[in-house]
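Build the 3D model from these lines:
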Amino acid sequence: MTATASGKKEASLLEYWRVILKRKWVIVSVTAVLLAASGVLSFTSTPLYRAGTTILIDDPGSSMLTIQDLFNSSSGSTDWLGTYFNTQLKILQSRLLAERVAKKMNLATRAELAESSSDKHGLLRMAKTALSLRWLKGGSEPAAPPARPDNVDDPSSLYAGFVMAGLGVEPVTETRLVTLTFTSPYPRLAADVANTLAQEFISYSIESRYEATQQTTDFLNQEIARVREDLAAKQREYTKYSDQKNLVPLNDQENSIVGQYGNQYKAFIDAQLDRVNAYANYRELSGLKVDSLPQLISNPSIQDLKTKYSDQQRNWAEKSKTLGPNNPDMVSLKSQLETTKTQLEGEIAKASEAAYTTYQTAMNKERAMEGLLAGKRSEVSRMSNANIFAESLDREIKSSQELLKTLQDRQAQTSVSARLNGLKTSNIKVVDPAVVPEAPFSPNVKRNFLVALLLGLFLGVGLAFAADFLDNSVKGPEDLERLTGLPSLGIIPHFSVGGNTKKGAGNGYGGSYGRAYGGGYGAESGGDPALAKVTEIELINHLFPKIAIAEDYRTVRTAILFSHPDSAPRTIAFTSMSPEEGKSATLANLAISFAQLGDKVLAVDADLRKPRLAKIFQVRNLTGLSGVLTGRAGLEDAIQKTAIDNLWVLPGGPHPPNPAELLNSRRMKELLAQVKEEFSAVLIDLPPVLAVIDPVIVSSMVDSVVLVIKTGKATRKPLLKTIEELRKAKASIIGVVFNDSKARKSGLSSNYFQYEYYQDPASVPAENREGKNPS
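Modelled structure (predicted):
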């Protein structure tokens with residue numbers, strides 16, 4: 001296995017493990033439910049006991065003779081024994097045998113069944129049944145004994161169903177042994193029923209054999225008497241007929257005439273078949289047309305010409321699509337078609353004529369054979385009919401004699417079988433009688449819990465992967481790279497301002513444009529108590545530069561600087577798929593992070609429809625980008641210095657009526673070229689791509705584009721649509737920033753090693769901890 005294949009396999013296994021960890025509570029919940037259900041079923045089910053006896057069903061041999069044996073002398077064959085064995089298995093499961101067992105044991109008076117029957121409809125039993133969920137198990141519970149009405153003459157017959165419900169018949173493979181089992185809540189009753197069933201089956205077998213033997217004996221006596229009478233009558237008739245006709249045997253000449261007649265008859269049949277085939281061939285050829293020939297023709301010459309004609313037609317049709325009818329090639333092909341058609345018509349006419357001649361010859365031959373056959377028939381008819389009748393009588397006498405001998409042999413065997421019946425012998429024997437079971441076989445608590453555990457894990461994992469498959473959100477860098485091929489520039493974890501965890505308090509535009517950020521860094525996480533007083537998350541990189549989330553922003557900054565192999569990008573646009581994904585706040589903190597390197601940084605608010613940077617950096621918004629693009633203000637007047645070192649901002653300015661036209665103007669391109677010369681890094685805030693066309697326009701004018709998405713909110717189809725729109729504008733997308741990630745514990749953080757960078761609250765000025773900018 002290559003290193004690449006090994007790496008892919010390891011990544012695949014890690015992805016599976018990630019899904020299991022992410023959906024672990026689904027797996028745990030399903031497993032817990034099944035284990036609980038298994039426990040309820042196991043500890044509330046009625047204990048069941050099973051007792052079994054083993055019997056041997058041997059070959060009946062000659063000890064039993066049935067009417068069927070009279071016509072099947074191979075009674076010991078494998079097929080017959082298999083049929084006999086299967087018949088005995090069905091008898092063991094019959095209602096007749098169950099009634100015999102119930103009557104023999106007098107089940108109507110058994111104390112256990114009387115108690116069970118009286119409690120059948122009790123409130124306690126019904127409550128227990130409902131609690132144990134026994135109604136879900138269907139037929140796994142043994143049948144309850146029937147109620148005993150007073151107007152039944154034989155109450156034992158009512159218990160046949162009870163016996164059949166608990167009975168089990170299982171043949172032992174490759175032997176003639178059968179195991180009979182009975183299941184019951186009462187161990188003594190289970191053993192008694194199994195043993196009684198075996199004894200009653202043996203008794204039934206003996207009774208059936210004796211009854212069959214008696215029927216056979218009566219039948220044989222009647223048949224022998226009838227055959228003897230019939231044989232005597234035929235012998236008398238043969239003697240009388242022979243005396244009257246003075247019969248002599250057929251001579252050689254007569255035998256020869258009979259043989260010749262048979263041969264002539266066969267020749268006549270062959271002539272008939274030849275005539276039918278010849279006529280069919282003639283009919284086939286006489287109805288053929290060149291333009292409607294069948295696919296297969298028995299005449300090889302016609303078949304070859306038909307194939308040639310079809311190929312020429314196909315060639316002419318294909319060339320007619322591109323060549324005109326007067327083209328030399330088309331004229332030549334047309335001529336070839338006509339020639340082949342003429343040849344084909346002539347061949348069909350010739351073959352049809354030959355077929356008709358063959359048919360006439362076959363018909364004449366049939367008529368000749370028919371005349372010869374009539375002559376031979378006359379010769380046979382002139383032979384003595386008396387000899388033929390006498391010979392048939394002789395054959396009947398011989399057949400009757402053979403039948404009489406067979407019946408007499410069977411009668412002798414039946415006599416021996418009848419004498420053996422007095423000994424009460426049977427081919428069925430008890431090999432291993434049933435004993436009272438000491439412990440119940442059901443419920444099997446260990447097996448039930450093991451099955452529930454395995455089934456719960458299987459179903460839980462299946463549901464976890466199904467949920468993950470149906471979840472079309474982009475969950476992390478792995479999903480992003482697999483889906484779009486774009487790298488992840490970093491992950492900004494979820495952070496709640498002042499420990500606030502309410503809706504709208506996370507990273508992004510939530511609430512008042514997202515007064516909160518990334519995961520696990522709020523006061524509720526056990527971090528610095530001073531963080532609970534942070535109210536300006538957009539400037540947290542300036543107010544608390546040593547906390548872990550500030551390190552995450554610096555990680556994104558580093559990824560952006562190294563995104564280009566030759567030199568770092570100068571103009572960088574930030575956009576998102578949709579509103580409330582935190583792009584403005586992400587840009588603000590990244591602008592601070594770039595400024596902390598000591599270079600001049602400009603933040604440009606190109607979201608002219610909903611500008612945010614003026615409010616974040618607390619600068620005037622009287623003029624700005626819209627004023628510069630409309631010519632109402634100069635660039636130097638519109639750019640304002642912030643309270644943060646090395647950071648300037650160009651706010652959006654008043655809302656223009658036509659933002660897209662302004663951003664797509666020549667002035668915008670000139671402005672970007674000018675600020676690119678004056679500042680080391682220019683970060684441009686753009687509106688969401690799927691909302692307006694503005695970011696698509698500006699993305700084609702800048703060095704790089706960064707896409708900010710909210711972790712867990714971004715779905716695949718909108719993300720692909722966003723990237724497609726940017727790529728249509730030939731934008732250079734360097735990567736994606738995952739914002740507001742709440743999955744640090746599952747390994748989604750960009751910081752693989754969490755350092756203690758939290759700043760000592762005492763070293764932070766009070767005004768900074770209150771969220772105010774330093775003067």
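
What ranges does the stretch 51-200 of the chain have for its strands?
Along the stretch 51-200 of the chain, the segments classed as strands by DSSP state E, counting those that start in this stretch run 167-171, 177-184.

Just tell me which of those ends up closest to Lys341.
Ranking these by proximity to Lys341 (C-beta to C-beta) places strand 167-171 first, at 75.0 Å. Bear in mind the C-beta positions are built from the backbone N, C-alpha and C, glycine included.

So what touches that closest one?
Strand 167-171 has contacts (C-beta atoms under 8 Å, 6 or more residues apart in numbering) with 50, 52, 85, 89, 92-93, 98, 177-183, 193, 197.

Could you list the buried residues of stretch 98-107?
Ala98, Glu99, Arg100, Val101, Ala102, Lys103, Met105, Leu107 (16 or more other C-beta atoms under 10 Å).

returning to that earlier point: now the strands of the stretch 51-200 of the chain in CSV, with mean pLDDT and mean neighbour count?
Formatted as CSV, the strands of the stretch 51-200 of the chain follow (pLDDT from 0 to 100; neighbours: other C-beta atoms under 10 Å):
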stretch, mean pLDDT, mean neighbour count
strand 167-171, 92, 15
strand 177-184, 93, 22
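
Let me have these in a markdown table, extended by distance to Glu678.
Shown next, in a markdown table, are those (distance: least, C-beta to C-beta, whole Å):
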| stretch | distance to Glu678 |
| --- | --- |
| strand 167-171 | 94 |
| strand 177-184 | 93 |
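
between the buried residues of stretch 98-107, which is nearest Gly582?
Distances from Gly582 to the buried residues of stretch 98-107, taken as C-beta to C-beta, are shortest for Ala98 (77.5 Å).

Of the buried residues of stretch 98-107, which is the nearest to Leu21?
Taking C-beta to C-beta as the measure, Leu21 sits nearest to Ala98 out of the buried residues of stretch 98-107, at 57.3 Å.

one step back: just the buried residues of stretch 98-107 now: which is nearest Glu223?
Nearest to Glu223 among these: Arg100, at 33.5 Å, using C-beta to C-beta.

Now for the closest residue in space to the closest one that isn't next to it in sequence: which residues touch it?
Counting by C-beta to C-beta, 6 or more residues apart in numbering, Glu200 is the residue found nearest to Arg100 once chain neighbours are left out, at 4.6 Å. Neighbour list for Glu200: Leu97, Arg100, Val101, Lys104 [criterion: C-beta under 8 Å, 6+ apart].

Among the residues you listed, name the ones in helices.
Within the contacts of Glu200, residues falling in helices by DSSP state H are Leu97, Arg100, Val101, Lys104.

what about the strands in this structure?
Ranges of strands in the chain, per DSSP state E, are 49-57, 167-171, 177-184, 428-432, 488-493, 571-576, 601-605, 640-641, 647-650, 681-685, 704-710, 733-741.

and these as CSV, adding distance to Thr722?
Formatted as CSV, these follow (distance: least, C-beta to C-beta, whole Å):
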stretch, distance to Thr722
strand 49-57, 67
strand 167-171, 67
strand 177-184, 66
strand 428-432, 78
strand 488-493, 16
strand 571-576, 8
strand 601-605, 20
strand 640-641, 31
strand 647-650, 25
strand 681-685, 16
strand 704-710, 7
strand 733-741, 10
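
Which of those strands sits closest to Leu672?
Comparison of the strands of the chain against Leu672 by C-beta to C-beta identifies strand 571-576 as nearest, at 5.8 Å.

Mind giving me the packing neighbours of the closest one?
Contacts defined by 3 or more C-beta pairs under 8 Å, 6 or more residues apart in numbering; DSSP states H and E place strand 571-576 against helix 583-595, helix 666-678, strand 681-685, helix 694-699, strand 704-710.

how does it look with 7 Å?
helix 583-595, strand 681-685, helix 694-699, strand 704-710 (3 or more C-beta pairs under 7 Å, 6 or more residues apart in numbering; DSSP states H and E).

re earlier: quick check, nearest of the contacts of strand 167-171 to Phe441?
For the contacts of strand 167-171, the nearest to Phe441 is Arg50 (5.0 Å; C-beta to C-beta).

For the closest one, list each beta-bridge partner.
Arg50 has these beta-bridge partners by DSSP bridges: Thr183.

how many neighbours does the nearest residue to Arg554 once chain neighbours are set aside have?
Leaving aside its sequence neighbours, Arg554 sits nearest to Ser593 (C-beta to C-beta, 6+ apart; 5.2 Å). Residues lying near Ser593 (other C-beta atoms under 10 Å) number 23.

Correct me if wrong: Val193 contacts Val163.
Yes. Counting by C-beta atoms under 7 Å, Val193 touches Val163, with 6.4 Å between them.

hmm, back to that, quick check: which of the helices and strands packed on strand 571-576 is nearest to Leu333?
Closest approach to Leu333 among the helices and strands packed on strand 571-576 is made by helix 694-699 (58.4 Å; C-beta to C-beta).

And the helices in the stretch 101-250 of the chain?
Taking DSSP state H, counting those that start in this stretch as the test, the helices found in the stretch 101-250 of the chain are 111-118, 123-131, 160-166, 187-245.

Mean neighbour count, those: which tops it?
The highest average neighbour count among the helices of the stretch 101-250 of the chain, using mean count of other C-beta atoms under 10 Å, belongs to helix 160-166 at a mean of 20.

now that helix: mean pLDDT?
Helix 160-166 carries an average pLDDT of 89.

Which strands and helices lie in contact with that helix?
Helices and strands touching helix 160-166, as assessed by 3+ C-beta pairs under 7 Å, 6+ apart, comprise helix 95-105, strand 177-184.

Distance to Glu347 for those - can I get that in TSV?
Shown next, in TSV, are the helices and strands packed on helix 160-166 (distance: least, C-beta to C-beta, whole Å):
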stretch	distance to Glu347
helix 95-105	78
strand 177-184	76
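
which ones are touching Val172?
Val178, Thr179 (C-beta atoms under 7 Å, 6 or more residues apart in numbering).

Please state the backbone phi and psi of it?
phi -80, psi 130 (degrees, to the nearest 10).

Return the member of the contacts of Glu200 nearest to Ser352.
Among those, Leu97 lies closest to Ser352 (C-beta to C-beta), at 76.8 Å.

Can I get stretch 537-549 in PDB, CA atoms only?
Output in PDB follows, covering the C-alpha atoms of stretch 537-549 (Å, rounded to 0.1, in the frame of the first residue of the first chain):
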ATOM      1  CA  ILE A 537     -16.000  42.200  20.900                       C
ATOM      2  CA  GLU A 538     -15.300  43.800  17.500                       C
ATOM      3  CA  LEU A 539     -12.200  45.400  19.100                       C
ATOM      4  CA  ILE A 540     -11.200  42.600  21.400                       C
ATOM      5  CA  ASN A 541      -7.900  42.200  19.500                       C
ATOM      6  CA  HIS A 542      -7.000  45.700  20.700                       C
ATOM      7  CA  LEU A 543      -8.500  45.600  24.200                       C
ATOM      8  CA  PHE A 544      -7.300  42.100  25.100                       C
ATOM      9  CA  PRO A 545      -4.500  41.200  22.700                       C
ATOM     10  CA  LYS A 546      -3.200  38.300  24.800                       C
ATOM     11  CA  ILE A 547      -6.300  36.200  25.200                       C
ATOM     12  CA  ALA A 548      -6.700  33.000  23.100                       C
ATOM     13  CA  ILE A 549      -9.300  34.400  20.700                       C
END
